[in-house]
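Just need the structure, nothing else, for what follows:
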Amino acid sequence: MAPDAALVPSAVPLLTPADGVPDLVTSAGALTAVAEQLAAGTGPVALDAERASGFRYSQRAYLVQLRRRGAGSFLVDPIPVASDMAPLAAALDGPEWVLHAASQDLPCLAELGLHPASVFDTELAGRLAGFERVGLAAMVERVLGLALTKGHGADDWSKRPLPHDWLVYAALDVEVLLELRDALAAELAEQGKTEWARQEFEHVRTAGGPKPKPDRWRRTSGIHKVRKPRQLAAIRELWLERDKVAAARDIAPGRVLPDAAIVSAAVADPTDVGALTTLPVFGGRAQRRQARTWLTALERARALPADQLPTVTAQHEGPPPVSRWSDRDPDAAARMTAARSALTTLSEQHRVPAENLLLPDLLRRVCWSPPADLDVAAVAEVLRAGGARPWQRELLAEPLAQALRSTADTAEAVPGSS
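Numbering: from 1, shown residues only. Predicted coordinates for the structure are as follows:
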């Protein structure tokens, strides 16, 4: 199979699960029966989870879908059975889990006490195999000739009762995941990338949830228009207050108060309810009830001493943006150009996206602060310390060392160069 190389024949619509839509599991007894059936099945287990991103503050799972050969498909509502997941956890502790974009679902499954012994990530497998489109629907169509109906992935899965067509959509997400896994495993084996995939899957399995980013308030939409530290302090205080309210109510922050309203209030800096409620959004009934909350946040920003105000630009860890390298360190800019060229060559040769060969941040760090000795062993050690897997180090250490040495040799040959 050559990924994306041939025209796809007309895909067959996949409209209903082969065995019908499973009953929704909502009791401890039913969950125990599901666990027993899954344990009696064979081979890997396909899993998916539905969250309510954009509606809820938490990233908890509001539906878990499972399928295993010899057992069938199951839809589990974790809300009423969250405290009774032990039988399911035991049944799933051992078989390989097959997920699409596993890093998105593993954290919310871990919250339920569900932890895999091994993982096969079909999205990541598609990237390593050279597929240009790695969404589940695109891959199912390309590999299996089936058309999944786009549906309800972005809907509010905390809604109860769950509509029947949502359950159909959810069941279909795992209907062919096992067949997709087998086809992708065969493709990876044919390309000699089975071990690459194994290492990547294990990295995803053990990585844990995403690390909190510092100064998340700086990601407020429209903040780039604000250049005064006092106004930035107001944005920060409003953002933090909104986050506290959203967490307490388990509502997505943007549904508590839009980013645009935060920015407008920070710039206008109203000092009383009347002035606040003249601003867009704040005049609504819900916001009028919260007016004192937002005014208190603004008061905190006004009371801050000058030395506690945020800087206009964020404090940056690691190398500066690459766009500034040519001015700040021309040698580093030359190293980056040479390293990117080497990475592009390898990406094209192996049909793997450059960012899957090496994380862009790690590439920047290597080029900004290269090892003193530009030999293969030293570069490999820097890559290892930065989290690169063995297959990446084996593939990249020598080409990157050559690229870094080439710029150093050029610099030494140019009179007056650093």
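
switch to C-alpha atoms for all contacts and neighbour counts from now on
Noted.

if I pick A265, what's in contact with it?
Residues counted as contacts of A265 (C-alpha atoms under 8 Å, 6 or more residues apart in numbering) are L276, L279.

mean confidence for the helix or strand hosting it?
In this assignment (DSSP states H and E), A265 forms part of helix 259-268. For helix 259-268, the mean pLDDT works out to 98.

Go through that helix and flag the buried ones.
Neighbour-count burial for helix 259-268 flags D259, A260, A261, I262, V263, S264, A265, A266, V267 (criterion: 16 or more other C-alpha atoms under 10 Å).

Could you identify the longest strand within this structure?
Counting by DSSP state E, the longest strand found in the chain is strand 42-50.

list the buried ones in that one?
Quick answer for strand 42-50 (16+ other C-alpha under 10 Å): P44, V45, A46, L47, D48, A49, E50.

can you check stretch 68-80 too?
R68, A71, G72, S73, F74, L75, V76, D77, P78.

Go through those residues and say which is closest to D272.
Using C-alpha to C-alpha, P78 is the member of the buried residues of stretch 68-80 that lies nearest D272, at 44.6 Å.

Do you know the pLDDT at the closest one?
Per-residue confidence (pLDDT) for P78: 98.

how does the chain divide into domains?
12-206, 216-308, 322-413 (automatic domain parsing).

Would you mind giving the ones you listed as CSV with distance to Q315 added?
Shown next, in CSV, are the domains of the chain (distance: least, C-alpha to C-alpha, whole Å):
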stretch, distance to Q315
domain 12-206, 27
domain 216-308, 11
domain 322-413, 16
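
Show me where the stretch 101-250 of the chain has its strands.
119-121, 146-148 (DSSP state E, counting those that start in this stretch).

and A147, what are its bridge partners?
Beta bridges link A147 to P13, judged by DSSP bridges.

contacting residues around it?
Counting by C-alpha under 8 Å, 6+ apart, A147 makes contact with A11, V12, P13, L14, A137, V140, E141.

what about L400, which SS state?
Classification of L400 by DSSP: H, G, I helix; E, B strand; the rest coil places it in helix.

Correct me if wrong: it contacts V379.
Yes: using C-alpha atoms under 8 Å, L400 makes contact with V379 at a distance of 7.4 Å.

Looking only at neighbour counts, state which of these two leads.
L400 (28 against 25; other C-alpha atoms under 10 Å).

Run a quick neighbour tally on the nearest residue to the more buried one once chain neighbours are set aside.
Leaving out its chain neighbours, the residue that sits closest to L400 by C-alpha to C-alpha, 6 or more residues apart in numbering is A339, at 5.8 Å. For A339, the count of nearby residues is 25 (other C-alpha under 10 Å).

so what pLDDT did A339 get?
97.

Now do the SS call for it.
Classified using three-state DSSP, A339 is helix.

ok, it - contacts?
With C-alpha under 8 Å, 6+ apart, A339 has these contacts: L363, C367, L400, A403, L404.

Most neighbours out of these, which is it?
In these, the most neighbours by other C-alpha under 10 Å go to L400, 28 neighbours.

contacting residues for that residue?
By C-alpha under 8 Å, 6+ apart, L400 lies in contact with A339, A342, L343, V379.

Same check on V76?
By C-alpha under 8 Å, 6+ apart, the residues touching V76 are L24, V25, T26, L31, L63, V64, Q65.

and the fifth one, what are its phi and psi?
Looking back up the chat, that one is L63. The phi and psi torsions at L63 (degrees, to the nearest 10) take the values phi -160, psi 140.

Tell me, how many residues neighbour it?
L63, neighbours per other C-alpha under 10 Å, totals 22.

So A33 versus C367, what's the distance?
A33 sits 55 Å away from C367, going by C-alpha to C-alpha, to the nearest Å.
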